[in-house]
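> sequence and predicted model, in that order:
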Amino acid sequence: MRNLFSILAGTLFGIGLYLSGMTNTDKVQGFLDFFGSWDPTLAFVMGGAILPMAVAWGLTRNREPLAGGSFPARPEPKFDRKLVIGAILFGMGWGLAGLCPGPALASLSFGGTGGLIFLATMVLGMMIAPKMSRLLDSKETAG
Amino acid sequence: MIELDWIWGLIGGLIIGCGAAVYLLGNGRIMGASGILGGLVDGTGRNLRVERMFFVAALVIAPAILIFFSGRPADTNLTGNVLLVAIAGLLVGAGTRIGNGCTSGHGVCGISRLSPRGIVSTLIYIFAGAMMVVGLRAIMGGL
């Protein structure tokens, strides 16, 4: 059952990314180019995706996931170094190439060698991230 | 064509949001691309490994099937600068794991439940990405 939901979610995610044009790095960098010829498409994609998700969050009240277990608890509104530094690093990479993790995976079949290189170094970055997180944690408690 | 882009963005976004809703209501999990892939890469998501793998596989295969049947080839328009792509991938991989989320997790899933962390993270990575694009335009006179 869980695997079925995963397949359905991944399929919808992949179709949506492709149809919306978010696997096209020109459109992503065009959105980030606020001072140039700004392309608002990404804002419509975000807005469009937030709508059904807002309904879904509303439906989680007093319920359990269909496959059992429990819904994720609301995270504490904690703005630590990891959140800020992580978002800065991610944003820099996102602006640099125009790819984020979802579209990087979705474009695997047509992204060519460049897409493969991006995926490979992204996975590498994910492997070294826990070490960097621990370093940031230790600095936070010390400082 | 450019006038139609936002409509496709909205349609694609709604489909992405439905995918995220299925993942939440079905499995009780946040559909964040970096979290799902990162958990596979660093071993923190070992208990949910199989459903994560199904999600990633569906995300990769869905656009490939769409392209096959529509006959419309796709391109990511990724820069040919391999060094730039490699650095961007590293930044995206490390940043999303340190900051605990990307465009889908913090952006779509976080904002839709009005999570302060999701909103702050999204504002930061969009700002960092915009700065990067402005810098790139200034240095290279284009992308």
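Thanks, I have the structure now. Just so it is clear, the model here is predicted, and its values are computed rather than measured.
> what comes up buried for the longest helix seen in chain A?
When chain A is parsed with DSSP state H, its longest helix is helix A:112-142. By neighbour count on 16 or more other C-beta atoms under 10 Å in any protein chain shown, the buried set for helix A:112-142 is A:114-115, A:117-119, A:121-127, A:129-130, A:132-133, A:136. Just so you know, the C-beta spots here come from the backbone N, C-alpha and C atoms, and that holds for glycine as well.
> low-confidence regions, the chain specifically.
All of this refers to chain A. Across chain A, the ranges flagged by pLDDT under 70 are A:140-143.
> that was the other one, I meant chain B.
In chain B, residues with pLDDT under 70: B:1-3, B:141-143.
> now the helices: where do they sit in it?
Ranges of helices within chain B are B:5-22, B:33-42, B:49-70, B:82-98, B:111, B:116-140, based on DSSP H.
> which one of those lies closest to A:Gly86?
Nearest to A:Gly86, of all the helices of chain B, is helix B:82-98, at 3.5 Å by C-beta to C-beta.
> which elements pack onto that closest one?
Judged by 3 or more C-beta pairs under 8 Å, 6 or more residues apart in numbering or on different chains; DSSP states H and E, helix B:82-98 is in contact with helix A:81-97, helix A:101-106, helix A:112-142, helix B:33-42.
> centre of the chain versus that helix, how much separation?
13 Å (C-alpha atoms, centre = their mean, to the nearest Å).
> now swap in stretch A:37-55 and tell me
Remark: stretch A:37-55 is offset 13 Å from the chain centroid, using C-alpha atoms, centre = their mean.
> what comes up buried for that stretch?
By neighbour count on 16+ other C-beta under 10 Å, the buried set for stretch A:37-55 is A:39, A:41-54.
> return the closest of those residues with respect to chain B.
A:Gly48 (2.4 Å; C-beta to the nearest C-beta).
> tell me who's in contact with the closest residue to the closest one other than its chain neighbours.
The shortest distance from A:Gly48 to any non-neighbouring residue, by C-beta to C-beta, 6 or more residues apart in numbering or on different chains, is to B:Gly13 (2.4 Å). By C-beta atoms under 8 Å, 6 or more residues apart in numbering or on different chains, the contact list for B:Gly13 reads A:Gly16, A:Ser20, A:Phe44, A:Val45, A:Met46, A:Gly47, A:Gly48, A:Ala49, A:Ile50, A:Leu51.
> what's the answer for B:Asp5, then?
Going by C-beta under 8 Å, 6+ apart, the list of residues near B:Asp5 reads A:Gly21, A:Lys27, A:Asp39, A:Thr41.
> circling back: and chain B, is the longest helix of chain A touching that?
Yes: under the criterion of C-beta under 8 Å from any C-beta of the partner chain, helix A:112-142 makes contact with chain B via A:112, A:114-115, A:117-130, A:132-133, A:136.
> neighbours around A:Asn62, how many?
As a burial measure, A:Asn62 scores 5 neighbours (other C-beta atoms under 10 Å in any protein chain shown).
> my error: substitute B:Ile65 in the last question.
14.
> where's it relative to B:Gly95, distance?
Using C-beta to C-beta, to the nearest Å, B:Ile65 is found at 31 Å from B:Gly95.
> now do A:Gly111
Distance, A:Gly111 to B:Gly95, using C-beta to C-beta: 20 Å.
> more neighbours: the two, which one.
Under the neighbour definition other C-beta under 10 Å, A:Gly111 and B:Gly95 were set side by side, and B:Gly95 has more, 30 against 23.
> so who does that one touch?
Applying C-beta under 8 Å, 6+ apart to B:Gly95 gives the contacts A:Ile85, A:Gly86, A:Ala87, A:Ile88, A:Leu89, A:Phe90, A:Gly91, A:Met92, A:Gly93, A:Gly125, B:Tyr125.
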